[in-house]
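S.K.: model this:
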Amino acid sequence: MNKKRLLIIDDDSRNIFALENTLRAKSYDCLSCLSAEEALKLLESDQIIDGVLIDMMMPEMDGYEAIPLIKRIPSRESTYVVAVTAQAMVGDKEKCLEAGADEYISKPVDVDKLLLILGKI
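M.R.: Coordinates of the predicted model:
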């Protein structure tokens with residue numbers, strides 16, 4: 001099995017740290033960005049990225065704005081995007097999927113559920 005590379009986008013470095021440590025222990029390679037703007041620049045480069053985990057609530061540009069922009073990058077239309085949100089309100093999942101996310105998970109992240117989701121990549 002090839003090691004999958006994930007991009008974690010979250011404005012809170014503690015969330016990035018926790019996800020990176022968990023995913024690296026499960027043999028994922030991780031990159032991270034503290035803003036959607038930074039992530040878009042990275043995604044426009046030739047970096048190999050198999051999947052994106054994006055926090056939906058960030059200042060400046062949130063996940064609802066960023067996901068459609070990610071999917072518009074010519075080499076990223078089929079990149080698997082997982083929306084990560086602390087809100088978990090009724091209709092939240094549908095809103096994330098409408099924005100272009102392929103899957104949705106709420107915080108605190110259930111690691112087993114996340115690994116099942118990432119198994120689709």
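
S.K.: okay, the worst-scoring helix or strand of the chain on mean pLDDT in PDB with CA atoms only?
M.R.: Least confident helix or strand, the chain: helix 92-98 with a mean of 91, by mean pLDDT, DSSP states H and E. Extracted in PDB, the C-alpha atoms of helix 92-98 (Å, rounded to 0.1, in the frame of the first residue of the first chain):
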ATOM      1  CA  ASP A  92     -24.500  20.900   8.500                       C
ATOM      2  CA  LYS A  93     -23.500  17.800   6.700                       C
ATOM      3  CA  GLU A  94     -25.700  18.600   3.700                       C
ATOM      4  CA  LYS A  95     -24.300  22.200   3.600                       C
ATOM      5  CA  CYS A  96     -20.700  20.800   3.500                       C
ATOM      6  CA  LEU A  97     -21.600  18.300   0.800                       C
ATOM      7  CA  GLU A  98     -23.300  21.100  -1.200                       C
END
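
S.K.: list of residues touching that helix?
M.R.: For helix 92-98, the external contacting residues (CB atoms under 8 Å, 6 or more residues apart in numbering) are 56, 63-64, 67, 83, 85, 104, 106. Placement of C-beta: from N, CA and C, glycine included.

S.K.: could you redo the last one with a cut-off of 7 Å?
M.R.: For helix 92-98, the external contacting residues (CB atoms under 7 Å, 6 or more residues apart in numbering) are 56, 83, 85, 104.

S.K.: tabulate those residues in TSV, adding columns for secondary structure and pLDDT.
M.R.: As requested, the contacts of helix 92-98 are arranged in TSV below (DSSP: H, G, I helix; E, B strand; the rest coil; pLDDT from 0 to 100):
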residue	secondary structure	pLDDT
56	coil	94
83	strand	97
85	strand	90
104	strand	94
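
S.K.: with respect to residue 38, which of those is nearest?
M.R.: Distance to residue 38, by CB to CB, is smallest for residue 56 among these, at 16.4 Å.

S.K.: show me the helices in this protein, by range?
M.R.: Taking DSSP state H as the criterion, the chain carries its helices at 13-25, 36-44, 63-72, 92-98, 111-118.
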